[in-house]
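> with the sequence up front, the predicted model follows.
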Amino acid sequence: MNLQNPAVIDALAARRSCRAYLEKPVPAEVLRAVFLSAVTAPSAENSQPWEVYVLTGTALKAQLAEIAASLEKGDTASVRMRRDTAARRARARELSAAMKPSLAGQGWQGREFIQRCLRFFDAPAAAVICADEPVEPFHSLDIGMFVQNLCLAAGAYGLGTCILGYPLIAEPALRRFLKLPEERRILITAALGYPDEGAPMANFRSSRVPLEKNIHFLDKTQH
């Protein structure tokens, strides 16, 4: 097997969801470089459907304050997932169980994990990733490829990332603060920053099922 570019494989293996960050701002030129790489993602008919808002500094603090006030008033949105398969529900339970030691090591208890999700884990930068309606399945795939590019590019600059769905609970606050037009839909958010490498929740890694579980190699020469 002739591996042409091991750095790509190393970057894929190194990516993890970082949930603890240093109080260290990310320079504007680093963020710009990360997003210049992110937008090289492929998209159907080169539609490039992503509309992204990158919050740092006072803008991020103001958005977090808006979210906190909105939650205090009960001004929230539902982010319930559609009915899922038994296998995927089981993996979610396994993840929760596996994460407990790292949560305990971090000193987080009860609902604090969700509260920190809603604060982007106190990362110095956050991205709110949107697309304009109609959002068809292939547009969602485009956004997924963009976000993967974003995570890998951030890693190349020494940043950690965490893709977050929980902040969508505060969608009304996000929409008001960002002044989003009615047709603009928030799909996902992400935290970005320098990992606190000494923190358990910066280093937690989720498991993967064996390759044979859901990757199916078919040989047409065999019957």
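That came in fine, so what should we check first?
> show me the contacts for residue 123.
By Cβ atoms under 8 Å, 6 or more residues apart in numbering, the residues touching residue 123 are 21, 160, 162, 191, 192, 193. Any C-beta I mention is one placed from the backbone N, CA and C, and that applies to glycine too.
> so which of those is the closest to residue 45?
The shortest gap between residue 45 and any of the contacts of residue 123 belongs to residue 192, at 28.6 Å (Cβ to Cβ).
> can you select the buried ones among the contacts of residue 123 for me in PyMOL?
To isolate the buried ones among these in PyMOL, judged by 16 or more other Cβ atoms under 10 Å, type:
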select buried, resi 21+160+162+191+192+193
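> let's have the contacts of residue 123 in JSON lines, adding pLDDT.
Output for these, formatted as JSON lines (pLDDT from 0 to 100):
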{"residue": "21", "pLDDT": "98"}
{"residue": "160", "pLDDT": "98"}
{"residue": "162", "pLDDT": "98"}
{"residue": "191", "pLDDT": "98"}
{"residue": "192", "pLDDT": "98"}
{"residue": "193", "pLDDT": "98"}
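> just give me the closest of the contacts of residue 123 to residue 216.
Proximity of these to residue 216 was ranked by Cβ to Cβ; the top entry is residue 162 with 30.2 Å.
> centroid-nearest residue for the chain?
Nearest to the geometric centre of the chain sits residue 163, at 0.9 Å (Cα atoms, centre = their mean).
> does that residue count as helix, strand or coil?
Of the three states, residue 163 takes strand according to DSSP: H, G, I helix; E, B strand; the rest coil.
> for the chain, longest strand please?
Criterion DSSP state E: the longest strand present in the chain is strand 184-193.
> now do that one: distance to the chain's middle.
Centroid displacement of strand 184-193 relative to its chain, using Cα atoms, centre = their mean, to the nearest Å, is 7 Å.
> next SSE after that strand?
Remark: after strand 184-193, the chain's next helix or strand is helix 200-203, criterion DSSP states H and E.
> got a markdown table for the contacts of residue 123, with distance to residue 69 too?
Output for these, formatted as a markdown table (distance: Cβ to Cβ, whole Å):
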| residue | distance to residue 69 |
| --- | --- |
| 21 | 23 |
| 160 | 28 |
| 162 | 23 |
| 191 | 20 |
| 192 | 24 |
| 193 | 24 |
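> thinking again about what came up before, and the longest strand of the chain, which strands flank it?
Strand 184-193 has these partner strands in its sheet, going by DSSP bridges: strand 125-132 (antiparallel), strand 160-164 (antiparallel).
> ok, which of those strands comes nearest residue 50?
Of all those, strand 125-132 comes closest under Cβ to Cβ, at 6.1 Å.
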